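> Build the 3D model from these lines:
(2 chains, ligands or ions: 1)
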Amino acid sequence: MKLPSMPRGLAAGAARGAGRLSQRLGRGGGTALPGLVLTRLRPEATAEMARAVPNGVILVSGTNGKTTTARLVRAVLDASGARVVANTAGSNLERGVATALLNDDGAEVALFEADEAALPGLIGQTRPRVVTLMNLFRDQLDRHGELEHLVERWRAAVDGLDPATTVVYNADDPAVAEIAAGHPNTVSYGIDDPRAGRDRLPHAADTTECRRCGARLRYDMVTIAHLGRWSCPECALARTLVDVGAAKVELHGMDGQRLALATPGGPMEMSLRLPGLHNAYNAAAAAATALALGLSPESIGPALARRQAAFGRAERTQVGPTRVTTLLAKNPAGANENIRTMLLEDRPLHLLVLLNDRTADGQDVSWIWDVDYELLLEGDRLASLTVGGDRAHDMALRFRYGGLSPDRLAVVPPVPDAFDAALAACGADGGLYVLPTYTALLEFKALLADRGLAPQFWEDG
Amino acid sequence: MSAATPPLRLCHLYPEHLNIYADRGNIAVLRRRLEWRGLALETVEAGLGDPVPADCHLYYLGGGQDRDQRLVAEDLARKADPLRRAAERGAVVLGVCGGYQLLGRGYAAADGRTLPGIGLLDLETVAGRRRLIGDVVLSATFDGQAGTVVGYENHAGRTYLGGGCTPLGRVLRGHGNNGGDGCEGAVAGRTVGTYLHGPLLPKNPWLADILLGWALESAGRPVELAPLADELEQAAHTVAQTRAGRRR
Ligand SMILES: [Zn+2]
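Numbering: from 1, shown residues only, chains lettered A, B, ... in the order given. Here you go, the predicted structure:
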């Protein structure tokens, strides 16, 4: 049955009521439900609310890094004194955006991370001032379908953009670069430090053919998955000179990194509290987005440097004598980056890997076989391994067939028991790394909260 | 087995294009299960334009995105003869998902184009409107052994078997070849195709061992494969079976 659209005030009131009820019933923070109710009652509500934001809407999307990048942009906007409305805690579909707009109708500027599949719809609804396109990796094939389809949908959405919209894009991703190339108003970013490269493409590299002519791309440098300095040997397509380039990336293990960016406004140097090369990309994306918004280069570096890791992205919690570092790992590119970053530490590694297969994780757990867990087994770096979650046994098989002897492996499906087993295995050795999928991360955070160790996720700013 | 025993040889076809559902997991299982019995596996890769080695005991074709599958189909047509000869001399050919479709006679795509297949399996595939996605459980009798097979399927193609092959199993949970006739996969001689990934072999070690037994026979070295401690594999199999049941 098709109902007529409800008047704006009534729809907003009903939506707010649903959110308050949900919170009172303990069903969550209400980061998505009010928006869902609102857009059901009045489908045009998101577009109306977005239009009312005076300084426009910024959308940040990509398979990996969008949450962290949005937080980094937020830090720069906050430092500028602007009043910002943003979605948090992974509510990155239209309902989450609508909820955020509903809850804060006096904001000057809106900043949203967008699920990569939801981005085309959100572009249509919000008519953004800036769209930041970060990367496309294989992720949740059962939910998102093939990467190619996503590439085509992004291309169509970018083709339909107002020419005045600024597209900020990662030039190191050949697919993203080709999508953005036709747009008249762009700011590109990438990594220029040759020491950040690795010698060959990892197993889980997706876009390795020229988007124009189909020839195999040549890589002078590979950074993450299929990202890097690429060129087509057959046609002229190549990674271009970028507007915002990471000229120097000095990784300091889990503690963070020192980053030097070359930008049209002059060089920027900063110390980030975020570890790993993926966060160098996130910082470059955030700096490029902030520059596209006209923010001053002097204000960007210090604001980025103050920012801590986002929810579950190299977040640290002290549990008795053990420092617990949580690294969300939900697809091969992200998990490979986590492994590479952990290996920068020179201490023995204690690991808890939590694998769930619910809708938000992807029900198909095949992806774990594309992750290069074998790197952890080389050089005897792995001091202990506990696997947990709904599909703990699948993860155990991944390590068994990767070469780990089963007697070095604890299989404990319930998350609380798995955590206790991992802490016990860790002993007085110091550090535990927790690698959960998305819903396992939610479970793990709830467990920490139950034990008085961390805030609930929807309180996470 | 002495250390001097020559390794079994596996030809991995199109590893760069057909690898979308963790196909290297299947190969890892074949390798380790040989190693744990004092045997070895040597892998040869054959991509676009490469010749198919004639002396392998196993040939493996994984799944790819539509674009990659189109690229591969034309090239594979040129590899059809050596693959057919390998199958005739008793080598094992395993195709998963896209690789399974290409082992058949062809794939009629939604846009009206037909991708050629190499006809090693008597089956045809036509594009369907909705993708068939989800957990699968099969009951199967494979090389005289009865058991269940678990996996995950994600395919737009509907595959219909001819008289020249038999299904790998009957669908207990999930869609199977075409969502209609209750069949999944296809077997003809030592050529096996299936939509199941996850990947296929880690949670179905009995299938892996039958394939290895066949490969050893084709190498002229039939052996009784010693049983392995498969508690973890069985537990993962049971978990997958339970998940599939709960999601219906
Ligand atoms: Zn080209």
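> is any part of stretch B:16-29 close to chain A?
Yes - counting by Cβ under 8 Å from any Cβ of the partner chain, chain A has neighbours in stretch B:16-29: B:16, B:19-22, B:24-25, B:28-29. Just so you know, the C-beta spots here come from the backbone N, C-alpha and C atoms, and that holds for glycine as well.
> Report the buried residues of the biggest strand by length in chain B.
Across chain B, the longest stretch assigned as strand under DSSP state E is strand B:123-142. Of all the residues in strand B:123-142, those buried under the rule 16 or more other Cβ atoms under 10 Å in any protein chain shown are B:123-128, B:131-138, B:140, B:142.
> so what strands line up beside that strand?
With DSSP bridges as the test, strand B:123-142 is paired with strand B:106-108 (parallel), strand B:145-161 (antiparallel), strand B:169-173 (antiparallel).
> With distance to B:W214, mean neighbour count and mean pLDDT added, can I get these in a markdown table?
Putting these into a markdown table (distance: least, Cβ to Cβ, whole Å; neighbours: other Cβ atoms under 10 Å in any protein chain shown; pLDDT from 0 to 100) gives the following:
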| stretch | distance to B:W214 | mean neighbour count | mean pLDDT |
| --- | --- | --- | --- |
| strand B:106-108 | 26 | 19 | 94 |
| strand B:145-161 | 13 | 21 | 97 |
| strand B:169-173 | 17 | 20 | 98 |
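> So for A:A383, which of those sits nearest?
Closest to A:A383 of those is strand B:145-161 (Cβ to Cβ; 32.5 Å).
> Who are the contact partners of the closest residue in space to B:T191 that isn't next to it in sequence?
In this structure, B:T191 finds its nearest non-sequential neighbour in B:V93, 4.3 Å apart by Cβ to Cβ, 6 or more residues apart in numbering or on different chains. If a contact means Cβ atoms under 8 Å, 6 or more residues apart in numbering or on different chains, then B:V93 has B:58-59, B:61, B:83, B:86-87, B:103, B:120, B:190-192 as its contacts.
> who's in contact with the residue in chain A positioned nearest to chain B?
Nearest residue of chain A to chain B (Cβ to the nearest Cβ) works out as A:W369 at 3.2 Å. Shown in contact with A:W369 (Cβ under 8 Å, 6+ apart): A:398, B:22, B:24-25, B:28, B:199.
> doesn't it fall inside a helix?
Yes - checked against DSSP: H, G, I helix; E, B strand; the rest coil, A:W369 lies within a helix.
> Strands of the stretch 301-450 of chain A, start to end?
A:313-319, A:322-327, A:349-354, A:382-388, A:409-411, A:431-436 (DSSP state E, counting those that start in this stretch).
> Which one of these lies nearest to the ion?
The stretch from the strands of the stretch 301-450 of chain A with the least distance to the ion (Cβ to the ion) is strand A:313-319; that distance is 35.0 Å.
> buried sites along the longest helix along chain B?
In chain B, ranked by residue count with DSSP state H as the criterion, the top helix is helix B:66-88. By 16+ other Cβ under 10 Å, the buried positions in helix B:66-88 come out as B:66, B:68-69, B:71-73, B:75-77, B:79-80, B:82-83, B:86-87.
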